[in-house]
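Trainee: Here's my sequence, what's the structure:
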Amino acid sequence: MADLILHNGRITTLGPAAPDASAIAIKGSLVQATGSDTEIMKLRTGSTKVVDLNKRRVIPGLNDSHTHLIRGGLNYNMELRWENVPSVADALRLLREQAEQTPAPQWVRVVGGWSEFQFAERRMPTLEEVNAAAPDTPVFILHLYARALLNRAALKVLGITRDTANPPGGLIEKDSRGEPTGMLIAKPSALILYSTLAQGPALPVEDQINSTRHFMRELNRLGITSVIDAGGGGQNFPDDYNVIQRLHADKAMTIRIAYNLFAQKAGQELSDYERWIAMTEPGAGDDMLRMNGAGENLAWSAADFENFLEPRPDLAPPMEKELEKIVELLATNKWPFRIHATYDETIDRFLSVFERVNGKTPFETRFIIDHAETISECNIERIKVLGGGIATQHRMAFQGEYFIDRYGSEAAKATPPIAKMLDIGVPVGGGTDATRVASYDPWVALHWLTTGQTVGGLPLYGEANILSREAALEIWTKGSAWFSGEQDKKGTLATGMYADLAVLSSDYMMVPPQEIRQITSVLTVVGGRVVFGDAEYLDISPPIPPASPSWSPVKHAASPAMRPAAGKRENSMARACHDDCASSCGLHGHHHQIAWTVPIPVTDKTSFWGALGCSCFAV
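Mentor: Next up, the predicted model:
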């Protein structure tokens, strides 16, 4: 009989036999049955825990097929998040408050997840404003893959002066007197940004454990029950996996993690994988923490980038030779692998390497192309023939305006062409690529998939590349499960599958499009175990220690999941102009001149603002 029954709900199972149900029974860690309240209540005994869903929508637990939870968890408690912050003024206020409570030698870090187009002012904060908000505490603000803002205190502790040379692939901006301004620019490589961030003080191990627990709790709050961790720069195996291994040993994990191993040093990639093949194997671990294969970086010579403020890179000719040796090693040892590729030109060259290797050593397991914003239909077909899949993320929701400025609105209409991928039948996963650029919030991604809009409200796509809500949910559940080889275990709420689910704050299938971004989970279950509860389920939410250290932004500021979405600003923005003009502007919320005076990253300003329905030019 059932251990747990949830009833009186609207359950989207995504299972073929019974796609909709009102109740679900869970036995141990698995789904026992779904059906009507009458059917499922027959499985109740005196010891069965019964939860009334109050007509709420239930979905399979969300699965981020490309994120960086393990690395992100080590830093989460140190980072000030600007997701859903509605204005530059609010962002600077949060920065000032955090700087006042951050002790030396720690920094204030704002690391990804925001776009200037989410702000009412439609601009970035200036360095002058950052220095005024935090004159004494070092500040590092990462903006996409393009640049970082450092205040004067950060320049001082980093030792960046007029004599500091530009690193390869990066630019230290200097003023007319030759002094560093505080702006670091990726021209074209983001290495300057990430290497600078890495110089900040780390948390002690016990705080890193606490930080990772709070990061997992935040993801649970958003309905995430599984992720695939794509490794990342500075994430060395096995050294930097001690925290997650300790949490796993203590049974303190609330997210299922399948992790990939990321080659760290140019010139040593092949030896890294030879060493790791001797140490571990795909599937090592259990259903909560398991090794998933190689990547997303296989060879540094194969690394393109996604900074749309810079021209597309051409990879150096040695790439093919270096990549082929590594892929052949992985294929011989039956290791799944994934590889970062933004542009179709890069993907085309990768696939030629894969086809050569496959001709000699046929692939016996999956491979993954990550990102694929500009992939062509021909290369999607080649991936399908080779047995690969494509992991997609909502990076265009944060960079769409810049992409249009460089490549045009027509090119942006299929970036990436997810609907075409699904039509062709290649496996497609949903994800975020959090945390350094895009937000870890899956509802930003689901909003982008189903509306085609950036976080600033710019429509990117026509109807042909916009997904239905169910199709978007499927790639975030069933689709993502393929990328860890677990499609027979999770992604649906069918009998025998993992009992991973989220009870939603609002009905995803029915709310207006702009309200999708405000959805959270009010009850999250992983393997039949409640890992998060809110609203009427707050009393069954498991306790968690307070965030540490005491100055942590997590302890003092609302997390993005607890803030109203930045796109929902009707009341604050619909106000008259400073000069008593009777017309309000629902986009800017202040005087109309901002649309003329603030630079925006498009050449045709009239069509840009008109596409957003702005009334400024009609006044």
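Trainee: going forward, measure contacts between C-alpha atoms and count neighbours the same way
Mentor: Fine.
Trainee: Okay, strands next: where are they in the stretch 251-400 of the chain?
Mentor: Assignment of strands within the stretch 251-400 of the chain using DSSP state E, counting those that start in this stretch yields the ranges 256-261, 289-294, 337-341, 367-371, 389-393.
Trainee: The third one versus strand 367-371: what angle between them?
Mentor: Using axes from the mean of the first three to the mean of the last three C-alpha atoms, to 10 degrees, the direction of strand 337-341 lies 30 degrees away from that of strand 367-371.
Trainee: Does anything pack onto strand 337-341? Which helices or strands?
Mentor: strand 289-294, strand 367-371 (3 or more C-alpha pairs under 8 Å, 6 or more residues apart in numbering; DSSP states H and E).
Trainee: Same question for the first one.
Mentor: If you count contacts as 3+ C-alpha pairs under 8 Å, 6+ apart, strand 256-261 packs onto strand 224-229, strand 289-294.
Trainee: The same query, at a cut-off of 10 Å, please.
Mentor: strand 62-67, helix 69-75, strand 224-229, helix 269-279, strand 289-294, strand 337-341 (3 or more C-alpha pairs under 10 Å, 6 or more residues apart in numbering; DSSP states H and E).
Trainee: Same check on the fourth one?
Mentor: For strand 367-371, the elements it packs on are strand 62-67, strand 337-341, helix 344-360, helix 377-386, strand 389-393, strand 428-431, judged by 3+ C-alpha pairs under 10 Å, 6+ apart.
Trainee: average pLDDT for the shortest one?
Mentor: Within the predicted structure, the mean pLDDT of strand 428-431 is 98.
Trainee: where are the low-confidence patches of the stretch 501-619 of the chain?
Mentor: Residue ranges of the stretch 501-619 of the chain with pLDDT under 70: 565-619.
Trainee: all helices for it, in order.
Mentor: Listed in chain order, the helices of the stretch 501-619 of the chain (DSSP state H, counting those that start in this stretch) span residues 553-556, 570-573, 594-597, 605-611.
Trainee: How about the stretch 51-200 of the chain?
Mentor: Under DSSP H, counting those that start in this stretch, the stretch 51-200 of the chain gives helices at 69-75, 88-101, 127-133, 152-158, 191-197.
Trainee: Verify the contact between Thr492 and Ala502 for me.
Mentor: No - contact criterion C-alpha atoms under 10 Å: Thr492 and Ala502 do not qualify, at 11.8 Å.
Trainee: What's the local residue count around the closest residue to Ala165 other than its chain neighbours?
Mentor: Closest residue in space to Ala165, ignoring its immediate chain neighbours: Ile172 at 7.8 Å, by C-alpha to C-alpha, 6 or more residues apart in numbering. With neighbours defined by other C-alpha atoms under 10 Å, the count for Ile172 comes to 23.
Trainee: likewise Pro167?
Mentor: Pro167 has 12 nearby residues by other C-alpha under 10 Å.
Trainee: Excluding chain neighbours, what is closest to it?
Mentor: Excluding the flanking residues, the one nearest Pro167 by C-alpha to C-alpha, 6+ apart is Ile192, at 6.9 Å.
Trainee: What residues sit buried inside stretch 476-490?
Mentor: Buried residues in stretch 476-490, counted by 16 or more other C-alpha atoms under 10 Å: 476-485, 487, 489-490.
Trainee: will you turn those residues into a markdown table that also has distance to Ser22, secondary structure and pLDDT?
Mentor: Compiled in a markdown table, the buried residues of stretch 476-490 are given as follows (distance: C-alpha to C-alpha, whole Å; DSSP: H, G, I helix; E, B strand; the rest coil; pLDDT from 0 to 100):
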| residue | distance to Ser22 | secondary structure | pLDDT |
| --- | --- | --- | --- |
| Trp476 | 22 | helix | 98 |
| Thr477 | 20 | helix | 98 |
| Lys478 | 20 | helix | 97 |
| Gly479 | 24 | helix | 98 |
| Ser480 | 25 | helix | 98 |
| Ala481 | 24 | helix | 98 |
| Trp482 | 27 | helix | 98 |
| Phe483 | 30 | helix | 98 |
| Ser484 | 29 | helix | 98 |
| Gly485 | 29 | coil | 97 |
| Gln487 | 24 | coil | 97 |
| Lys489 | 22 | coil | 97 |
| Lys490 | 20 | coil | 97 |
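Trainee: which one of these is nearest Asp37?
Mentor: Ranked by distance to Asp37 (C-alpha to C-alpha), the buried residues of stretch 476-490 are led by Lys490 at 23.1 Å.
Trainee: I figured that closest one was touching Gly61, is that so?
Mentor: Yes - at 8.6 Å, Lys490 counts as touching Gly61 under the criterion of C-alpha under 10 Å.
Trainee: Point out the most buried one among the helices and strands packed on strand 256-261.
Mentor: Comparing the helices and strands packed on strand 256-261 by mean neighbour count (mean count of other C-alpha atoms under 10 Å), strand 62-67 comes out on top with a mean of 30.
Trainee: tilt between it and strand 367-371?
Mentor: Going by the same axes, to 10 degrees, strand 62-67 makes 90 degrees with strand 367-371.
Trainee: hmm, back to that, closest one to Gly457 among the helices of the stretch 51-200 of the chain?
Mentor: Counting by C-alpha to C-alpha, Gly457 lies closest to helix 88-101 out of those; the figure is 16.8 Å.
Trainee: Go through the closest one and flag the buried ones.
Mentor: Buried residues in helix 88-101 (16+ other C-alpha under 10 Å): 88, 91-92, 94-96, 98-99.
Trainee: again with stretch 7-21
Mentor: 7-15, 20-21.
Trainee: what's the answer for stretch 423-432, then?
Mentor: Within stretch 423-432, the residues that count as buried by 16+ other C-alpha under 10 Å are 426-432.
Trainee: how long is it from one end to the other?
Mentor: Stretch 423-432 has an end-to-end distance of 22 Å (C-alpha to C-alpha, to the nearest Å).
Trainee: show me the contacts for the residue nearest the centre of the chain.
Mentor: In the chain, the centroid-proximal residue (C-alpha atoms, centre = their mean) is Thr432; its distance is 2.5 Å. Taking C-alpha atoms under 10 Å, 6 or more residues apart in numbering, we find Thr432 in contact with 64-68, 113, 371, 391-395, 438-442, 444-445.
Trainee: Next: Leu538.
Mentor: With C-alpha under 10 Å, 6+ apart as the criterion, the residues that contact Leu538 are 522-523, 532.
Trainee: okay if I get those as CSV plus distance to Asp286 and neighbour count?
Mentor: Rendered in CSV, the data for the contacts of Leu538 read as follows (distance: C-alpha to C-alpha, whole Å; neighbours: other C-alpha atoms under 10 Å):
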residue, distance to Asp286, neighbour count
Val522, 27, 23
Leu523, 24, 27
Phe532, 22, 29
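Trainee: Turn those residues into JSON lines, columns for distance to Leu315.
Mentor: JSON lines is the format used below for the contacts of Leu538 (distance: C-alpha to C-alpha, whole Å):
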{"residue": "Val522", "distance to Leu315": "46"}
{"residue": "Leu523", "distance to Leu315": "46"}
{"residue": "Phe532", "distance to Leu315": "45"}
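Trainee: Return the subset of those lying in strands.
Mentor: Mapping the contacts of Leu538 onto strands (DSSP state E) picks out 522-523, 532.
Trainee: lowest-confidence helix or strand of this protein?
Mentor: Every helix and strand in the chain was compared by mean pLDDT, DSSP states H and E; the lowest is helix 570-573, with a mean of 36.
Trainee: List the residues that contact Pro105.
Mentor: 137-138, 157, 200-201.
Trainee: For stretch 40-57, list every residue counted as buried.
Mentor: 40-41, 43-44, 48, 50, 53, 56-57.
Trainee: Any idea which of the helices of the stretch 51-200 of the chain gets closest to Thr450?
Mentor: Thr450 sits nearest to helix 69-75 of all these, at 25.0 Å, using C-alpha to C-alpha.
Trainee: so how far is Ile26 from Arg109?
Mentor: Distance, Arg109 to Ile26, using C-alpha to C-alpha: 42 Å.
Trainee: In this protein, where is pLDDT below threshold?
Mentor: 565-619.
Trainee: Put together a markdown table for the helices and strands packed on strand 367-371, with distance to Arg563 on each row.
Mentor: What follows is those, written out as a markdown table (distance: least, C-alpha to C-alpha, whole Å):
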| stretch | distance to Arg563 |
| --- | --- |
| strand 62-67 | 20 |
| strand 337-341 | 32 |
| helix 344-360 | 37 |
| helix 377-386 | 38 |
| strand 389-393 | 22 |
| strand 428-431 | 21 |
